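Trainee: next one to model:
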Amino acid sequence: MRRELIKRVLQSAEERSEIQVAGWVRTRRDAKGFSFLELNDGSCLGSLQVVVDEGIPGSEQLKQMLTGSAVSAFGALVASPAKGQAWELHATGVSLVGEAPEDYPLQKKRHSAEFMREIAHLRPRANLYGAVFRVRSRLTQAVHRFFAERDFVNVHTPIITASDCEGAGEMFRVTTHDPLSGGGKPEEDFFEKAAYLTVSGQLEGEAFACALSNIYTFGPTFRAENSHTSRHAAEFWMIEPEIAFCDLEGDMDLAEEFVREMVREVVEEMPEDFALFSKFVDKGLEDRLQQVLTKPFVRVSYTEAVAILEACDESFDYPVSWGENLQSEHERFLTEKHFQAPVTVYNYPTRIKPFYMRQNDDGKTVAAMDLLVPGIGELIGGSQREERYDLLKSKMDEEGLSEGYDWYLDLRKYGTVPHAGFGLGFERLVMFVTGVGNIRDVIPFPRTPGNCEF
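Mentor: Numbers count the residues shown, from 1 in each chain. The predicted structure is shown next:
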C-alpha cells in the first residue's frame, strides 16, 4: 500500500476503506481501550487524528509514540464525530518509524522566535514555520510561472564574480589563500584576480537582455554588511528581471503587476496557511494585502514625496531632506498614512543611486524607482539603465569603475537599446505576504553577522 500525504487525505470526498499515512506525532491522548494520535506530515497545516485501539498490530508501541516521534498508520478513513475535523483514521495497524525521547524540544506549547532559531533544524515541524516555508515554496513556483507566461528567459548568472554591481564594496571575498599565513596577492589567487560572492546578477542579466529581450534571474546573493536589523541577512535570494526596449514606465508597470500577482497567489491559493498568519502573526495583514489587490498603485516623484513628508505633522527619527535617502519610516508613512495604498516613488537624486542608472534631462535625477508597500516600506528597487555610451563611461570614470567593466560598456557600443529592470529581495516578499517581522524567520538557515550555524 502506498503512503498518501495527509493534505490529500483531508481533501477526500468520501470515506475510504483502506489508506496509509505517515507523519510526526503532535500529541497523543490515551483513553480506556484506545488512544488518539495527532499526525502531521508537513504537507499542510492540518493534522489527521488517528484512533488506535488496543490490540491492533503495533499498539504495543503506543507508549513510545511521544510528541516528535515518526509513525506510520493504516486503516479506514471515516467521518469524524469530533468538532473541527471532517475525517479521522481508524487504524488497523500502526508502526513506530522513529522514536523521539521526552526531551524533544518542540513540545506542544508556545516557543519564542529566538528559541526556534536555535533549533532551525527542527522548527519546520512547527505550525508557523511549516506554513512559512510552504508559502516560500509556492511563491518560488509562482515567480517562475509569472515570468514564463510573459515569455521571459530564465538566466543563471554567476555566484562568483569580479564586479561589484552596487559599488558598495561590502562583498565576501572568494580565495584559496590561507588568511592565517598572511594571505597572498590577488594575481596569485585561483582566478588570478580578486573575486567575490555576487551582490546582484543585474549586470550579467543586462548582457542577456541585450540578446534575448526579456530575461530574469532568481538566485542567491550575498552582502557582507555588519547589520543586525530584522530586515538584513548576509545570504538571501534575489529576483531580477531585465527588459530590453523598455523605459522606466514599463519597468514600473511590470513591478506593480508582479507584486499584485504574488500577493494574489498566497491570499487566494493558500487560504489555510494565510489564515494562520492573519490570526496569529499579524491581525492587520489581510487588510494590507487587500490594499495591494484592490487599490491602484500610486506613483509619485521623489521630489513630490519629499514635499509631502516635509509638510506633514509626523515626527520622524530621521530628518527629511531633498537629496537624502528615504528611510523606512518615511516610506511607511507614505503607504500607510498619506496614500493608504502601495506607492511607487520615481526619479531619485543622482548622487544617492548607482552608476548604471539613466540620467534624466534635468541633470539632477536618474530614472530610478522604488515600490513601497504597507508594513514593509521598500519592496522593489529598479531603474532604466543608462544606454548611452558616453554618459555611462563618464559616470564610471568618475567613480573609478572603468577597470574590468569593458564588457559592460561594450553593450552600449554594439547595438545599444533602452532597457530597464528591478531587483526584489525574495525574503522581503515572503515577510510581506506572511506578516512575519524578521528575515531570520523566513529563511531555512539564516546567515547573519556572527551566525553560520547548521
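
Trainee: in the stretch 201-350 of the chain, which spans are strands?
Mentor: Here the stretch 201-350 of the chain has its strands, by DSSP state E, counting those that start in this stretch, at 214-222, 235-244, 298-301, 343-349.

Trainee: pull the longest strand from the chain.
Mentor: Secondary structure of the chain per DSSP state E: the longest strand is strand 16-31.

Trainee: low-confidence ranges, this protein, go.
Mentor: Along the chain, segments meeting pLDDT under 70 span 164-169.

Trainee: re the thing from before, out of the strands of the stretch 201-350 of the chain, which is closest to residue 323?
Mentor: Set against residue 323 and scored by CB to CB, the strands of the stretch 201-350 of the chain come closest in strand 343-349, at 5.0 Å. Any C-beta I mention is one placed from the backbone N, CA and C, and that applies to glycine too.

Trainee: next SSE downstream of the closest one?
Mentor: Remark: after strand 343-349, the chain's next helix or strand is strand 365-373, criterion DSSP states H and E.

Trainee: re earlier: who's in contact with the longest strand of the chain?
Mentor: Strand 16-31 is contacted from outside by 1-6, 9, 35-42, 47-48, 50, 62, 65-77, 89, 97, 100, 108, 125, using CB atoms under 8 Å, 6 or more residues apart in numbering.

Trainee: ChimeraX command to pick out the buried ones of those residues?
Mentor: Filtering those down to the buried ones (16 or more other CB atoms under 10 Å) takes a single ChimeraX command:
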select :4,6,9,35,37,38,39,40,41,47,48,50,62,65,66,67,68,69,70,71,72,73,74,75,77,89,100,125
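
Trainee: of the contacts of strand 16-31, which belong to helices?
Mentor: Secondary structure assignment by DSSP state H places 6, 9 of the contacts of strand 16-31 in helices.

Trainee: returning to that earlier point: if we go by neighbour counts, what in the longest strand of the chain is buried?
Mentor: Within strand 16-31, the residues scored as buried using 16+ other CB under 10 Å are 19-26, 28.

Trainee: so where do the helices sit in the stretch 251-400 of the chain?
Mentor: Residue ranges of the helices in the stretch 251-400 of the chain, as given by DSSP state H, counting those that start in this stretch, are 271-276, 285-294, 302-311, 328-332, 389-398.

Trainee: the last one vs strand 365-373, what angle?
Mentor: In terms of direction (axes from the mean of the first three to the mean of the last three CA atoms, to 10 degrees), helix 389-398 departs from strand 365-373 by 80 degrees.

Trainee: just the residues contacting helix 389-398, thanks.
Mentor: Residues outside helix 389-398 that contact it (CB under 8 Å, 6+ apart): 355-356, 359, 386, 402, 405, 409, 412-413, 416.

Trainee: which other helices and strands contact whatever helix or strand comes next after it?
Mentor: Per DSSP H and E, helix 389-398 leads on to helix 406-413 as the next helix or strand towards the C-terminus. The helices and strands touching helix 406-413, judged by 3 or more CB pairs under 8 Å, 6 or more residues apart in numbering; DSSP states H and E, are helix 202-212, helix 389-398.

Trainee: using PDB, write out every CA atom in the shortest one.
Mentor: Taking Å, rounded to 0.1, in the frame of the first residue of the first chain, the C-alpha atoms of helix 389-398 are listed here in PDB:
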ATOM      1  CA  TYR A 389      27.900  55.100 -24.100                       C
ATOM      2  CA  ASP A 390      29.500  58.500 -23.400                       C
ATOM      3  CA  LEU A 391      27.300  59.200 -20.400                       C
ATOM      4  CA  LEU A 392      27.800  55.800 -18.800                       C
ATOM      5  CA  LYS A 393      31.600  55.900 -19.400                       C
ATOM      6  CA  SER A 394      31.800  59.300 -17.900                       C
ATOM      7  CA  LYS A 395      29.900  58.200 -14.800                       C
ATOM      8  CA  MET A 396      32.100  55.100 -14.400                       C
ATOM      9  CA  ASP A 397      35.300  57.100 -14.800                       C
ATOM     10  CA  GLU A 398      34.000  59.500 -12.200                       C
END
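
Trainee: residues of that helix that come out buried?
Mentor: Buried residues in helix 389-398 (16+ other CB under 10 Å): 392-393, 395-396.

Trainee: from the residues you listed, which two are the most distant?
Mentor: 393 and 395 (7.4 Å).

Trainee: returning to that earlier point: for residue 205, find the nearest of the helices of the stretch 251-400 of the chain.
Mentor: With CB to CB as the measure, helix 389-398 is the member of the helices of the stretch 251-400 of the chain nearest residue 205 (16.3 Å).

Trainee: compute the inter-axis angle for that closest one and helix 406-413.
Mentor: Relative orientation of helix 389-398 versus helix 406-413 (the same axes, to 10 degrees): 160 degrees.

Trainee: how far does helix 389-398 sit from the chain's center?
Mentor: 34 Å (CA atoms, centre = their mean, to the nearest Å).

Trainee: stretch 202-214 too?
Mentor: A distance of 23 Å separates the centroid of the chain from that of stretch 202-214, by CA atoms, centre = their mean.

Trainee: buried ones in it?
Mentor: 202-210, 213-214.

Trainee: what of stretch 416-431?
Mentor: Within stretch 416-431, the residues that count as buried by 16+ other CB under 10 Å are 416, 418-431.
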